[in-house]
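Provided below are the primary sequence and the corresponding predicted coordinates.
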Amino acid sequence: MTVSLFPASLPKRGSGFDLAISIAVLGASEALPTDACAGVVMIGELGLDGRVRPVAGVLPAVLAAADSGAETVIVPRGNVDEASLVPGVKVIGVGSLRALLARLRDLPPPQEPDDQTTGDAGPPPPADGLAARTRARRGELDLADVRGQAEGRKILEISAAGGHHVCFMGPPGCGKTMLAERLPTLLPDLDHGAALEVTAIHSVAGTLPAGQPLITRPPFQAPHHTASLAALVGGGSGRLIQPGAVSLAHRGVLFLDESPEFSGGILDALRQPLEGGEVTIARSGATARFPARFTMLLAANPCPCAAPKARDCGCAPAVRRRYLTRLSGPLLDRVDLKSQLKEVTRAELRYDLQLAEPSEVVAKRVLTARDRTRKRLADTPWRTNAEIPGRELRRRFAPVQRALATLDRPLSDGRLSARGLDRVVRVAWTLTDLRGKEKPTADEILEALSLWEGRT
């Protein structure tokens with residue numbers, strides 16, 4: 001028996017075709033009425049015991065089926081919640097080939113031995129304990145936990161309000177990682193469209209959390225500095241291309257701790273997604289394009305020895321320069337907010353508990369600022385100030401000329417690049433939204449410039 005999968009020139013991979021192939025074979029053998037399965041999309045892995053097992057990538061597959069005009073989709077029971085996110089499509093979940101044949105033959109569903117416990121879907125998939133612990137830990141984080149670093153907390157608020165990239169540099173123990181981990185607590189929930197985008201990416205990657213068909217919170221990705229290029233930006237062999245951390249962080253946060261320890265080539269590979277909001281991976285057999293619009297947060301020590309006190313550092317000046325130049329100029333030119341964090345003093349540790357605001361309070365201000373941004377960008381495809389292209393920024397959202405004149409000297413002496421000018425203006429708009437103003441003034445422009453240069 002020969003089964004042909006059209007188009008024959010495109011190699012097929014994965015077990016999601018099992019269910020459709022088995023029904024096609026049974027239909028050709030006249031074991032079931034072919035009219036019952038005409039026009040129906042079937043997705044699922046078929047076990048040797050006849051059970052239909054869940055597969056990855058069901059959400060984008062059902063979205064493609066709906067775009068092609070399909071009205072009915074049959075999926076494994078473990079994927080029903082995920083497939084049901086697509087409107088206008090009738091989703092049928094099955095747990096075994098016997099149950100599907102009974103449905104297609106218009107017969108009562110079979111009584112199977114494990115129906116009382118797990119139905120005909122077989123044993124439930126194991127719970128993702130690591131993902132559950134990670135989500136629980138994220139829920140326990142709060143910005144008020146960070147003692148001192150008032151400037152760092154302010155930068156996180158600006159980043160969350162406008163979607164701006166951040167670079168924290170400072171000695172170990174000053175709070176860089178604590179600040180970074182709390183950025184997601186300031187971000188609003190994903191809207192339905194963004195939630196579908198994020199869920200589809202994690203579905204393709206097979207990282208969709210168990211029992212969570214729709215991801216509604218911005219994701220947080222923190223790859224180790226030993227991660228490969230394929231793990232960070234995506235890759236694979238042949239036609240099997242998988243999304244990387246930059247795509248798994250889509251509409252969320254990508255945190256690169258100890259960023260100078262990453263390979264220079266890996267860091268420079270971030271330039272394309274930082275500018276375009278997507279990453280294109282080309283292989284000899286195929287090309288894949290994944291969305292990758294994330295907020296990047298870099299953290300770095302000032303030198304390789306990472307001495308807790310500056311006076312204890314034994315690194316030569318050349319060693320320190322060589323270490324920090326791993327963060328290339330073109331990469332840092334794309335970072336909107338830079339800050340040199342200092343050691344927290346004893347007074348800050350003691351008294352800042354009364355001044356540090358909880359994430360819930362700051363998140364409300366962020367949401368208010370984003371609402372102002374959304375109303376201003378209502379007739380555009382952009383959602384945050386950081387997404388506005390430079391051409392449109394200069395044409396439609398340019399501040400008054402008197403305010404922009406404050407940037408003439410930094411531009412003329414080379415401190416500010418043309419790309420940096422656009423990023424300063426975007427941050428100035430975010431400061432304007434946080435303060436409830438109509439347009440950026442010279443104050444917002446100058447503050448945004450100091451944040452871009454890292455002079456806070």
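Noted; the coordinates are in hand.

and the pLDDT for the residue lying closest to Glu261 once chain neighbours are set aside?
The spatial neighbour of Glu261 that comes closest, neighbours along the chain excluded (CB to CB, 6 or more residues apart in numbering), is His225 at 3.9 Å. To be clear about C-beta, it is placed using only N, CA and C from the backbone, and glycine gets the same treatment. Reported pLDDT at His225 in the predicted model: 92.

His225 should be in a strand, yeah?
No - under DSSP: H, G, I helix; E, B strand; the rest coil, His225 falls outside any strand and is assigned coil.

beyond the helix or strand bottoming out on mean pLDDT in the chain, next helix or strand please.
Of all regular secondary-structure elements in the chain, judged by mean pLDDT, DSSP states H and E, the least confident is helix 129-140 with a mean of 50. Read in the C-terminal direction, the helix or strand following helix 129-140 is helix 150-162, with elements assigned using DSSP states H and E.

buried residues in that next one?
152-162 (16 or more other CB atoms under 10 Å).

now do stretch 196-212
196-205, 207-209, 212.

closest to Asp312 out of the buried residues of helix 150-162?
Of all the buried residues of helix 150-162, Gly152 has the smallest distance to Asp312: 22.6 Å, by CB to CB.

so what's that closest one up against?
With contacts defined as CB atoms under 8 Å, 6 or more residues apart in numbering, the neighbours of Gly152 are 146, 168, 175-176, 179, 339, 341.

Glu157 now?
Counting by CB under 8 Å, 6+ apart, Glu157 touches 186, 362, 365-366, 434.

quick one, strands of the stretch 301-450 of the chain?
Using DSSP state E, counting those that start in this stretch, the strands of the stretch 301-450 of the chain run over residues 337-340.

which residue ranges of it form helices?
Taking DSSP state H, counting those that start in this stretch, the helices of the stretch 301-450 of the chain run over residues 317-324, 329-332, 346-351, 359-376, 390-396, 401-404, 408-412, 418-435, 442-453.

one more: the stretch 151-300 of the chain?
When assigned using DSSP H, counting those that start in this stretch, the helices of the stretch 151-300 of the chain occupy the ranges 176-181, 192-205, 229-233, 245-248, 264-268, 271-276.

which one, of those, ends up nearest to Arg346?
When the helices of the stretch 151-300 of the chain are compared for distance to Arg346 using CB to CB, the nearest one is helix 176-181, at 17.8 Å.

what domains does the record give for the protein?
The record, using automatic domain parsing to delimit domains, assigns the chain the ranges 18-121, 131-359, 388-456.

for those domains, give me TSV that also has distance to Met1.
As requested, those are arranged in TSV below (distance: least, CB to CB, whole Å):
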stretch	distance to Met1
domain 18-121	7
domain 131-359	25
domain 388-456	55
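
want to throw the buried residues of stretch 196-212 into TSV with pLDDT?
What follows is the buried residues of stretch 196-212, written out as TSV (pLDDT from 0 to 100):
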residue	pLDDT
Leu196	92
Glu197	92
Val198	94
Thr199	93
Ala200	92
Ile201	93
His202	92
Ser203	90
Val204	89
Ala205	89
Thr207	87
Leu208	84
Pro209	77
Gln212	77
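
for these, which one is nearest Leu407?
Set against Leu407, the nearest of the buried residues of stretch 196-212 by CB to CB is Glu197 (34.9 Å).

need the contact partners of stretch 73-80.
For stretch 73-80, the surrounding residues in contact (CB under 8 Å, 6+ apart) are 19, 40-45, 52-55, 58, 62, 65, 83, 89-95, 100, 119-121, 124-125.

filter these down to the ones in strands?
Judged by DSSP state E, strands contain the following of those: 40-42, 45, 52-53, 90-94.

now do the phi/psi pair for Gly277.
Dihedral pair for Gly277: phi 80, psi 10, per degrees, to the nearest 10.

from Ala292, how far off is it?
When distance is defined by CB to CB, to the nearest Å, Gly277 is 6 Å away from Ala292.

of the two, who's got more company?
Higher neighbour count among Gly277 and Ala292: Ala292, with 27 against 15, using other CB atoms under 10 Å.

can you pull the contacts of the nearest residue to the more buried one once chain neighbours are set aside?
Counting by CB to CB, 6+ apart, Pro273 is the residue found nearest to Ala292 once chain neighbours are left out, at 3.9 Å. Listed by CB under 8 Å, 6+ apart, the contact set of Pro273 reads 233, 246, 279, 292-294.

for the residues you listed, work out which two are farthest apart.
With CB to CB as the measure, no two of the contacts of Pro273 lie farther apart than Val233 and Arg293, at 13.8 Å.

and Gly14, which helix or strand is it part of?
Once you assign secondary structure using DSSP H and E, Gly14 falls outside every helix and strand.

correct me, but it touches Val55?
Yes - using CB atoms under 8 Å, Gly14 and Val55 qualify as a contacting pair, with a distance of 7.0 Å.

compare these two and say which one has the larger neighbour count.
Set side by side, Gly14 and Val55 give different neighbour counts by other CB under 10 Å, the larger being at Val55 (22 against 11).

picking up where we left off before, lowest-confidence stretch among the helices of the stretch 301-450 of the chain?
The minimum mean pLDDT among those belongs to helix 346-351 (a mean of 70).

quick one: low-confidence residue ranges for the protein.
Within the chain, the set of residues satisfying pLDDT under 70 comprises 112-139, 237-239, 310-311, 349-354, 456.

ok, now with 80
Low-confidence segments of the chain, defined by pLDDT under 80, are located at 8-13, 111-139, 209-212, 236-240, 264, 283-286, 306-312, 314, 344-356, 455-456.

adding distance to Ala299, write the helices of the stretch 301-450 of the chain out as a markdown table.
Supplementary listing: the helices of the stretch 301-450 of the chain in a markdown table, determined by distance: least, CB to CB, whole Å:
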| stretch | distance to Ala299 |
| --- | --- |
| helix 317-324 | 13 |
| helix 329-332 | 13 |
| helix 346-351 | 19 |
| helix 359-376 | 19 |
| helix 390-396 | 27 |
| helix 401-404 | 32 |
| helix 408-412 | 26 |
| helix 418-435 | 19 |
| helix 442-453 | 17 |
